[in-house]
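S.K.: requesting a structural model of the entry that follows:
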Amino acid sequence: MAITAVLFDIDGTLVDSNDHHVIAWEEAFAGIDARFDRQTIHDQIGKGTDMLVPTLLPDLDEEAQAALGEAHGKVFKARFLNEVKPFPGAHDLLRRVHAAGLRVVLASSASEQELDHYMALLGARELVAETTSADDVENTKPAPDIFATALKKIGSPPPHEVIVVGDTPYDLEAAAKCGIAAVAVRSGGFADDALTQAGAVAMYDDVAALLRDYDRSPLAG
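M.R.: Modelled structure (predicted):
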């Protein structure tokens, strides 16, 4: 079946930012005397504040959750945002998908400000048909909202004509809830078992490996 659109996650998929987010969350939690080891925090990366914080601190009210999210955002933007680098092959993969006549969509749990920064970093403005960020939805991944909103923005194509590329189980779970198949990349640091159990239809080390295998990959239909 022909693919007409590819929905790309950004953090951990197109840009190397997951470890930076771990440290930013660690500092935000420390601000309220909450301590978690970095692996525990890493295992939640890919979720927005609305999903990540309640998982680790379920007794916090919404105001406290939001405050933690703001603290994380301040640390990340002040210390790490300008240090984040694209993964090798990220721009070239977006260009390859665009050249094939498919719509390129960036669908992330990041904020609109971060997404805009990454668009410039990736040199993707002329390649991207639509974007969706945490600011566009009520619930972030693994809820389906981000991908569901992205589908609406591109005219609601049948799910079998769309594929997701992501690095976390939460990307894959959100895609599955929308009936969309998902390709996983290992660059976010999640175990193969976690990605397979979340529904990955194919797995690559990173976007450069996916680009090299493009013609045989699910992106080529």
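S.K.: which outside residues touch the lowest-mean-pLDDT helix or strand in the chain?
M.R.: Lowest on mean pLDDT, DSSP states H and E among the helices and strands of the chain sits helix 112-121, with a mean of 94. With contact meaning Cβ atoms under 8 Å, 6 or more residues apart in numbering, helix 112-121 is reached by 10, 14-15, 76-77, 81, 84-86, 106, 108, 110, 124-125, 128, 131, 133-136. All C-beta atoms are positioned from the backbone trio N, CA, C, and that covers glycine.
S.K.: which residue ranges of the protein form helices?
M.R.: Secondary structure of the chain (DSSP state H): helices located at 18-30, 38-42, 49-56, 62-75, 90-99, 112-121, 145-153, 169-177, 192-197, 207-212.
S.K.: domain parsing for this structure?
M.R.: Using automatic domain parsing, the domain ranges for the chain come out as 5-16+85-220, 18-83.
S.K.: the ones you listed into a markdown table, with extra columns for mean neighbour count?
M.R.: As requested, the domains of the chain are exported to a markdown table (neighbours: other Cβ atoms under 10 Å):
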| stretch | mean neighbour count |
| --- | --- |
| domain 5-16+85-220 | 20 |
| domain 18-83 | 16 |
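S.K.: next, give phi and psi for the residue of the chain positioned farthest from its centre.
M.R.: The centre of the chain is farthest from one residue, residue 33, which by Cα atoms, centre = their mean lies 28.2 Å away. Main-chain dihedrals, residue 33, degrees, to the nearest 10: phi 60, psi 30.
S.K.: and the pLDDT for it?
M.R.: The score at residue 33 is 97. That number is its pLDDT.
S.K.: quick check: it vs residue 159, distance?
M.R.: 44 Å (Cβ to Cβ, to the nearest Å).
S.K.: do residue 111 as well
M.R.: Residue 111 sits 27 Å away from residue 159, going by Cβ to Cβ.
S.K.: now do residue 190
M.R.: From residue 190 across to residue 159, the span is 23 Å (Cβ to Cβ).
S.K.: same check on residue 101?
M.R.: According to Cβ to Cβ, residue 101 stands 19 Å off from residue 159.
S.K.: then residue 198?
M.R.: 17 Å.
S.K.: over to residue 140?
M.R.: When residue 140 is compared with residue 159 (using Cβ to Cβ), they lie 20 Å apart.
S.K.: could you do residue 49 as well?
M.R.: Look at residue 49 and residue 159: by Cβ to Cβ, they are 27 Å apart.
S.K.: now the residue nearest to residue 85 when sequence neighbours are not counted: how far from residue 51?
M.R.: Distances taken as Cβ to Cβ, 6 or more residues apart in numbering place residue 16 nearest to residue 85, at 5.4 Å, with adjacent residues excluded. Relative to residue 51, residue 16 is positioned 22 Å away (Cβ to Cβ).
S.K.: ok now do residue 29, which residues does it touch?
M.R.: Applying Cβ under 8 Å, 6+ apart, we find residue 29 in contact with 35-36, 41, 56-57, 68.
S.K.: for those residues, which one is nearest residue 178?
M.R.: Nearest to residue 178 among the contacts of residue 29 is residue 56, at 25.9 Å by Cβ to Cβ.
S.K.: ok, the residue nearest the centre of the chain - contacts?
M.R.: With distances taken as Cα atoms, centre = their mean, residue 9 lies nearest the centre of the chain, 3.2 Å away. With contact set as Cβ under 8 Å, 6+ apart, residue 9 has these partners: 46, 107-108, 164-168, 171.
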